[in-house]
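Visitor: the sequence and its predicted three-dimensional model are supplied below.
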Amino acid sequence: MHFESPIKRRISRKIMVGNVPVGGDAPISVQSMTNTETCDVDATIAQIRAIANAGADIVRVSVPSMDAAEAFKSIRKQIDTPLVADIHFDYKIALKVAEYGVDCLRINPGNIGNKDRIREVVDCARDKNIPIRIGINAGSLEKDLQKKYGEPTPAALVESAYRQISYFDELDFQNFKLSLKASDIFMTVAAYRTIASQIDNPLHLGITEAGGLRSGTVKSSIGLGILLMDGIGDTIRVSLAADPVQEIKVGWDMLRSLKLRNRGINFIACPSCSRQNFDVIKTMNQLEERLEDVVVPLDVAVIGCVVNGPGEAKEADLGLTGGTPNNLIYEDGKPSNKLKNSELVDEFEKQIRSKVAQKEKEIENLIAKS
Ligand code: SF4
């Protein structure tokens, strides 16, 4: 039996980040941020491509100086993926990257100076139809709010958000999304829950400074998982002290686990034990690595023996169940062929790729008919 996701998403306004819709009925987008020196154009382009190939819908690039803005100009010309420019303090950088073709500005109006400067940026964003992300972060709360609340709290994050939103309200600018990040899960969840019930702008989710690959993945999965289960969140960024490509993979795994969005192979694998009839862990790792390029959603079971193998295999598009002297492959729930351990990975990969090709054809036909 396949369970559908019971999640009912919060209704939000839709904005466009380049050609990627965020909010409304749009799929939850996955994004990451480069960590190269932006002025190193070749390195930044290579990293944006790697992030996009891993499945990023949107990529953010830090633009801390006018030199970086000039580098952004060259990057923009060579990259089709929607780009967000991360800018603090200097409104002229925002105007520059807007001229060079940015798809979204991450900028907090309160930190770019007086109202004339804010107005100039907002007028420019309005003219060019560029959305803005307000990014509230517990680590950089305004000094008076730190004093008022004593320490970062959900209420302090929300008050800071309203302060930023008020600048846009005054200028009648609603083409924005908002994030309210803290490294503490409880604070982040409480802040997002509050703001989600009070405004209808799209929300960008993240647990900031979550940690390294393992610890940050766990923390982000719990924090974002709670919010996503609540139906909150229109775009996500998993912040890891790791290769940004990993952030995209983890983001997709989250959405796939919650059945909010699907991409690539969903592996169902047993942890293995002494009953295994082939090396489950090695086989699983090899298949996962070889099939990273697959985009079409497919369920593949890799189970070491007949205890759970047939049951799982019957639910998957393709299933491998360990057995002696041969392992059994299931296709669409029915036994199809047998494979020896010596040929297992190569042959099963071929069968998976052939199933992927078949699914791609089916999708093409559906698109052609619609
Ligand atoms: S499915 Fe079989 S091999 Fe895998 S963990 Fe269970 S009993 Fe062990």
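Guide: Alright, I've got the coordinates. As the structure is a computational prediction, the values presented were derived from the model and not from experiment. Numbering: from 1, shown residues only.

Visitor: ok, the closest residue to Arg261 other than its chain neighbours - contacts?
Guide: Of all residues beyond its chain neighbours, the one nearest Arg261 is Leu255 (4.1 Å), with distances taken as CB to CB, 6 or more residues apart in numbering. In short, each C-beta sits where N, CA and C put it, glycine included. Shown in contact with Leu255 (CB atoms under 8 Å, 6 or more residues apart in numbering): Ile28, Val30, Leu228, Ile236, Arg261, Asn262.

Visitor: packing partners of the host helix or strand of Lys73?
Guide: With the criterion set as DSSP states H and E, the secondary-structure element containing Lys73 is helix 66-78. Contact analysis of helix 66-78 by 3 or more CB pairs under 8 Å, 6 or more residues apart in numbering; DSSP states H and E lists helix 41-53, strand 58-62, strand 83-86, helix 91-100 as its packing neighbours.

Visitor: now the angle from it to helix 91-100?
Guide: Relative orientation of helix 66-78 versus helix 91-100 (axes from the mean of the first three to the mean of the last three CA atoms, to 10 degrees): 20 degrees.

Visitor: could you export helix 66-78 as CSV, CA atoms only?
Guide: Presented in CSV, the C-alpha positions along helix 66-78 are these (Å, rounded to 0.1, in the frame of the first residue of the first chain):
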residue,chain,number,x,y,z
MET,A,66,31.7,46.0,-6.0
ASP,A,67,34.5,43.7,-7.4
ALA,A,68,32.2,40.8,-6.5
ALA,A,69,29.3,42.5,-8.3
GLU,A,70,31.5,42.7,-11.5
ALA,A,71,32.3,39.0,-11.1
PHE,A,72,28.6,38.4,-10.7
LYS,A,73,28.1,40.0,-14.1
SER,A,74,30.3,37.4,-15.7
ILE,A,75,28.8,34.6,-13.7
ARG,A,76,25.3,35.6,-14.7
LYS,A,77,26.1,35.5,-18.4
GLN,A,78,27.2,31.9,-18.1
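
Visitor: mean confidence for it?
Guide: Per-residue pLDDT over helix 66-78 has a mean of 98.

Visitor: what's the next secondary structure element after the helix or strand containing the residue nearest to Arg261?
Guide: Of the helices and strands defined by DSSP H and E, Leu255 is found in helix 244-257. Counting by DSSP H and E, the next helix or strand C-terminal to helix 244-257 is strand 265-269.

Visitor: run the chain-centre distance for that next one.
Guide: Here the centre of mass of C-alpha atoms in strand 265-269, compared against the chain's by CA atoms, centre = their mean, to the nearest Å, lies 19 Å away.

Visitor: which elements pack onto it?
Guide: The contact analysis (3+ CB pairs under 8 Å, 6+ apart) places strand 265-269 against helix 280-290, strand 298-303.

Visitor: cutoff 10 Å now
Guide: Packed against strand 265-269 by the contact rule (3 or more CB pairs under 10 Å, 6 or more residues apart in numbering; DSSP states H and E) you find helix 244-257, helix 280-290, strand 298-303, helix 309-315, strand 318-321, helix 344-369.

Visitor: lowest-confidence stretch among those?
Guide: Among those, helix 309-315 scores lowest, at a mean of 88.

Visitor: how about the residues of the stretch 201-350 of the chain that lie near the ligand?
Guide: Proximity of the stretch 201-350 of the chain to the ligand, by CB under 6 Å from any ligand atom, involves residues Cys270, Pro271, Ser272, Cys273, Arg275, Gln276, Ile303, Gly304, Cys305, Val307, Asn308.

Visitor: make JSON lines out of those residues and add distance to Thr194.
Guide: Conversion of these to JSON lines gives the following (distance: CB to CB, whole Å):
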{"residue": "Cys270", "distance to Thr194": "41"}
{"residue": "Pro271", "distance to Thr194": "39"}
{"residue": "Ser272", "distance to Thr194": "44"}
{"residue": "Cys273", "distance to Thr194": "46"}
{"residue": "Arg275", "distance to Thr194": "50"}
{"residue": "Gln276", "distance to Thr194": "49"}
{"residue": "Ile303", "distance to Thr194": "44"}
{"residue": "Gly304", "distance to Thr194": "47"}
{"residue": "Cys305", "distance to Thr194": "49"}
{"residue": "Val307", "distance to Thr194": "47"}
{"residue": "Asn308", "distance to Thr194": "43"}
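
Visitor: point me to the residue sitting farthest from the middle of this structure.
Guide: Note on the chain: the largest separation between a C-alpha and the mean C-alpha position, by CA atoms, centre = their mean, falls on Pro325 (42.8 Å).
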